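> Pasting a predicted model and its sequence here:
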Amino acid sequence: MTRLDALSEWSDRHFKWLLVAPAVLLILALSVYPLLFSLWVLFVNYDFTVPGHAFVGLRNFTRVLADPVARWSLWVTVLLSTINVVIEFLLGLALALAMVKNFRGRGIIMSLFIIPLFISPVIVGQAWALLLQRPFGPTNFVLTHLLGHEVSIGWLTEAPWNFIAIIIVDVWQWTPFMFLIMLAGLSNLNPELYEAAALDGAGWWQELREITLPGLAPVIAVAIVFRGLDAFKIFDQIFMLTQGQPGTSTETISWYIYQIGYKFFNMGYGAAVSYLLLIFLTVAATLYASRFLREERL
Amino acid sequence: MSAIATRVPAASDAARGIPVRAARTGRRRPPLVTLLRYLAVALALVFFLFPIVWIIGISVKLPADYLNDPPIWIPTEITFRHYQSVMAEKGTLALTNSVIIAGSATIISIIIGSLAAYSLSRFKTGGRHLGFWLLSQRMLPPVVLVIPFFLLLREAGKLNPRLGIDQHLPLIAIYAVFNLPYVIWMMRSYFSGIPVEIEESAMIDGSTRLGVFVKITLPLALPGLIATTVFAFIFAWTEFLLSLFLTTDIRTVPVKIQTFVTSTGNEWGFIAALGTAAVVPSFIFILLVQRHLVRGLTLGSLKE
């Protein structure tokens, strides 16, 4: 047997492993290794303004836990992502219910609804900043005319309006995600159940509660995991709308890490925050998964 | 993350506009409900379209128009000068950077990811653990990795300038890695839908394993491949945080747009023009992948 034959036989035998090898190696190099590296960083003093990397043990962790801004940003993130996901789910479901029946122009309207999903959050944030900005953004103008009295809300500067602005922007961008998935779920529910319900004289509300929602539950569970994990990363909107201001009131975790790394150059501290975020998300996702997601073949 | 393999076999019916529920009950709803339904859809349309219309509007309005209070709805004059100015202000460069970075990252992740997906789908390589591990990478928020990326690239830049901060190559590799779990999961779900028998018969005809994959399986999975490519591209095209952290001069479009927001006064016209230009590919892509949207958004865990 020549060398080449041996090689080709070897590669045929290990074909399946050769196929996954590049992907696994790339992830090891650019995801696992950086994570391990930051595990080292968080135990040392990695500050561009201080030479050397002195071992500091858990000091970075304890500093994060003691920092009121860190705790506040966690609350802001939890609160914002919960409100965002809930509103997006409810609106998405309502829209899907309104659109599940066919009507003229339905296809075009569907395409229009999903446009926000494909636009960079930076552009979305900017578009909304233009709409909300005082004095020339049209929002206050429209509200003034609708409500019949002068409205001059500082959407990006005054609490609670700045939070509401962030929520509106997130809802605008991600409701289409919920809408699409809910619509797919709805169109797969068993029609016989609805026929039976109709024979029993079930009302609209009863139909929704007894058939639609239970049937949709697995789809809802999946949609909430994907959206929830994404919603927790909220950064771009904050960057474009409020920059965490006024003060630190609209800081989210991602914004907080960005500030530490980019402005204050305290990398060990930033790495500690990142790890705490990772631990928090892993625990939350695991708890959620064990509670709501069925263990099935993967 | 636990198992998320819910089957929804015919979700694409909804996307194609097949009247699923209408055929189902045959019961007429009172006109008031129908009216409310249309009203809700109309309101939602206004909400979702208005910001887009507004930003496109600003991109062709004169500053005197878009800075006016009360707002001017119909521009007094249509101008394209914001487009010309922003392209001269390195807008073209930002678009080029974005095309290079997002394009290369997408190609790399599609090639490497499809191979891995094929292996996972056909040979159950690594059992469910490998699949889980790959999926868990998708759940990793980018912000967790920005600090180690930044520090490692600083060091790598000392060894080879092309691997440092503010270079195309590292950003391409990083976007490719962020896309990999996604591509693998999507393509795995598409490959799993192709019957093994087709491949087996080709193998009997003397094709090599790789030959079968390239000549038989890949063409069959082409619609899925295109959809996956689009989603991977959109991720890289719209990404902001990593690009902001890891570049200073090589700016992608989202980072470039943000530079026009300044303390001395924002270049709204520039922002609107570059924003509009950046959204055009997205519009085209939506039309391309409409049928695959649901699967694309849920990593194949909800199948079409």
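All right, it came through fine.
> Helices of the stretch 101-250 of chain A, residue ranges please.
A:106-113, A:121-132, A:138-147, A:161-186, A:191-199, A:204-207, A:213-231, A:236-241 (DSSP state H, counting those that start in this stretch).
> Dump those into JSON lines; add mean neighbour count, mean pLDDT and distance to residue A:78 as well.
Backbone N, C-alpha and C define where each C-beta goes, glycine included. Output for those, formatted as JSON lines (neighbours: other CB atoms under 10 Å in any protein chain shown; pLDDT from 0 to 100; distance: least, CB to CB, whole Å):
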{"stretch": "helix A:106-113", "mean neighbour count": "16", "mean pLDDT": "83", "distance to residue A:78": "28"}
{"stretch": "helix A:121-132", "mean neighbour count": "26", "mean pLDDT": "88", "distance to residue A:78": "20"}
{"stretch": "helix A:138-147", "mean neighbour count": "15", "mean pLDDT": "82", "distance to residue A:78": "27"}
{"stretch": "helix A:161-186", "mean neighbour count": "24", "mean pLDDT": "90", "distance to residue A:78": "13"}
{"stretch": "helix A:191-199", "mean neighbour count": "14", "mean pLDDT": "84", "distance to residue A:78": "37"}
{"stretch": "helix A:204-207", "mean neighbour count": "12", "mean pLDDT": "83", "distance to residue A:78": "31"}
{"stretch": "helix A:213-231", "mean neighbour count": "19", "mean pLDDT": "86", "distance to residue A:78": "10"}
{"stretch": "helix A:236-241", "mean neighbour count": "25", "mean pLDDT": "87", "distance to residue A:78": "15"}
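> Turn these into TSV, including distance to chain B.
Shown next, in TSV, are the helices of the stretch 101-250 of chain A (distance: least, CB to the nearest CB, whole Å):
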stretch	distance to chain B
helix A:106-113	5
helix A:121-132	4
helix A:138-147	4
helix A:161-186	3
helix A:191-199	4
helix A:204-207	7
helix A:213-231	4
helix A:236-241	5
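> Tabulate those (a markdown table), appending distance to residue B:86.
Output for those, formatted as a markdown table (distance: least, CB to CB, whole Å):
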| stretch | distance to residue B:86 |
| --- | --- |
| helix A:106-113 | 26 |
| helix A:121-132 | 13 |
| helix A:138-147 | 23 |
| helix A:161-186 | 23 |
| helix A:191-199 | 52 |
| helix A:204-207 | 51 |
| helix A:213-231 | 30 |
| helix A:236-241 | 17 |
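> So for chain B, the centremost residue is which one?
residue B:234 (2.2 Å; CA atoms, centre = their mean).
> which residues touch the closest residue in space to that residue that isn't next to it in sequence?
Residue nearest to residue B:234 in three dimensions, not counting chain neighbours: residue A:118, with 5.6 Å by CB to CB, 6 or more residues apart in numbering or on different chains. The contact partners of residue A:118, taken as CB atoms under 8 Å, 6 or more residues apart in numbering or on different chains, are B:234, B:238, B:279, B:282-283, B:285-286.
> 10 Å instead?
Contacts here follow CB atoms under 10 Å, 6 or more residues apart in numbering or on different chains; on that basis residue A:118 touches A:173, A:176, B:230-231, B:234, B:237-238, B:279, B:281-286, B:289.
> same check, this time on residue A:72
A:247-252, A:256.
> among the residues you listed, which one has the lowest pLDDT?
By pLDDT, residue A:247 ranks lowest within the contacts of residue A:72, coming in at 76.
> close enough to count as contact, that one and residue A:73?
No. In terms of CB atoms under 10 Å, residue A:247 does not count as a neighbour of residue A:73; the distance is 11.8 Å.
> Neighbour count: these two, which is higher?
Ranked by neighbour count (other CB atoms under 10 Å in any protein chain shown), residue A:247 and residue A:73 place residue A:73 first, with 24 against 10.
> so that one makes contact with residue A:232?
No. Residue A:73 lies out of contact with residue A:232 (CB under 10 Å); the separation is 11.7 Å.
> Which neighbours do those two have in common?
A:252-254.
> Including secondary structure, neighbour count and distance to residue A:194, could those go into CSV?
Compiled in CSV, those are given as follows (DSSP: H, G, I helix; E, B strand; the rest coil; neighbours: other CB atoms under 10 Å in any protein chain shown; distance: CB to CB, whole Å):
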residue, secondary structure, neighbour count, distance to residue A:194
A:252, coil, 27, 42
A:253, helix, 28, 43
A:254, helix, 26, 43
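> and these near chain B, which?
A:252-254 (CB under 10 Å from any CB of the partner chain).
> for the residues you listed, which one is nearest chain B?
Nearest to chain B among those is residue A:254, at 4.4 Å by CB to the nearest CB.
> So for that closest one, what's the nearest residue that isn't a sequence neighbour?
Residue A:254 sits nearest to residue A:235 (CB to CB, 6+ apart), 3.8 Å away.
> Enumerate every residue touching that neighbour.
A:77, A:121-122, A:252-258, B:141-143, B:240-241, B:244.
> Next: residue A:150.
Going by CB under 10 Å, 6+ apart, the list of residues near residue A:150 reads A:140, A:143-144.
> same thing but at 8 Å, please
residue A:144.
> For residue 244, which non-adjacent residue is closest in space?
As the question left the chain open, I've gone with chain A. Residue A:244 sits nearest to residue A:251 (CB to CB, 6+ apart), 4.1 Å away.
> that answer is for a different chain, and I need it for chain B
In space, residue B:244 is closest to residue B:255, 5.3 Å off (CB to CB, 6+ apart).
> Where does the one you found fall, secondary structure wise?
Taking DSSP states H and E as the definition, residue B:255 sits inside helix B:253-259.
> cool, residue A:27 as well?
Using DSSP H and E, residue A:27 falls in helix A:15-27.
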